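Participant: need coordinates for the following:
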Amino acid sequence: MATTFTLGLWALFADQNDEQPGGYCRDELLFHVRDFGRGLSPFYELREVLSANLPMASGSEADRGDLVVMSGDGVGGPLPSAVAKHLLRIWDARPQRTTVRASPRKLDLTPRAIIVLEGYPETDIPAGRHPFAGMRVSPVLLVRDAVRAFAGNGEADDAIAMLTFCAVHGFVVAACEA
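Facilitator: Have a look, this model is predicted:
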């Protein structure tokens, strides 16, 4: 068994080409992840990169190219262009997908899980019709420590780089059983 880590949430969807998984716009799903961690600090933000071609609740027809969207306490949407350009340069320099030879269970994850910035309580999303139902949301440093403990020599370098990027910049990471 192995676990594949991917920057962003897209790998968690049953149909990764679905522009509106579960009937939700993809930036709305970022808000849902934040909402599952009730009681978060008002300064807590989650981020993801989305194509402007995907339906977004906060997008406009004038938006083109990749957007860095954020979900905060009652606010969200695309970040200003200058901030987004800086974050996209860093995003592009990171591995987008990597696999480690440790099952999600060994990393204390569900077969499909969401990894987020520290300060979020480890949470299991209740069963139901939501696209993330049955998944666990875990804080990044717990997962990064588990990857270090279970991965082979050098094998986890890309995963650790990706998880560190998440820890520093607040981007979400998907973890899926491979």
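
Participant: quick one: residues contacting the closest residue in space to residue 123 that isn't next to it in sequence.
Facilitator: Counting by C-beta to C-beta, 6 or more residues apart in numbering, the nearest residue to residue 123 once its immediate chain neighbours are dropped is residue 137, at 4.6 Å. (C-beta placed from N, C-alpha, C; glycine too.) For residue 137, the contacting residues are 33, 36, 37, 113, 114, 115, 116, 120, 122, 123, 124, 125, by C-beta atoms under 8 Å, 6 or more residues apart in numbering.

Participant: for the record, mean pLDDT for the helix or strand containing residue 137?
Facilitator: Element membership of residue 137 [criterion: DSSP states H and E] is strand 136-139. Averaged across strand 136-139, the pLDDT comes to 97.

Participant: can you pull the buried residues of the next helix or strand after it?
Facilitator: Per DSSP H and E, the first helix or strand lying C-terminal to strand 136-139 is helix 140-150. Across helix 140-150, burial judged by 16 or more other C-beta atoms under 10 Å covers 140, 143, 144, 146, 147, 150.

Participant: take those and write them to TSV, including distance to residue 81.
Facilitator: What follows is these, written out as TSV (distance: C-beta to C-beta, whole Å):
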residue	distance to residue 81
140	27
143	31
144	31
146	37
147	34
150	40
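
Participant: so where's this protein shaky on pLDDT?
Facilitator: Across the chain, the ranges flagged by pLDDT under 70 are 52-65, 152.

Participant: could you check how far the residue nearest to residue 108 when sequence neighbours are not counted is from residue 122?
Facilitator: What sits nearest to residue 108 in space, not counting adjacent residues and going by C-beta to C-beta, 6+ apart, is residue 146, at 6.1 Å. In this view, residue 146 and residue 122 are 12 Å apart by C-beta to C-beta, to the nearest Å.

Participant: noted, bye for now.
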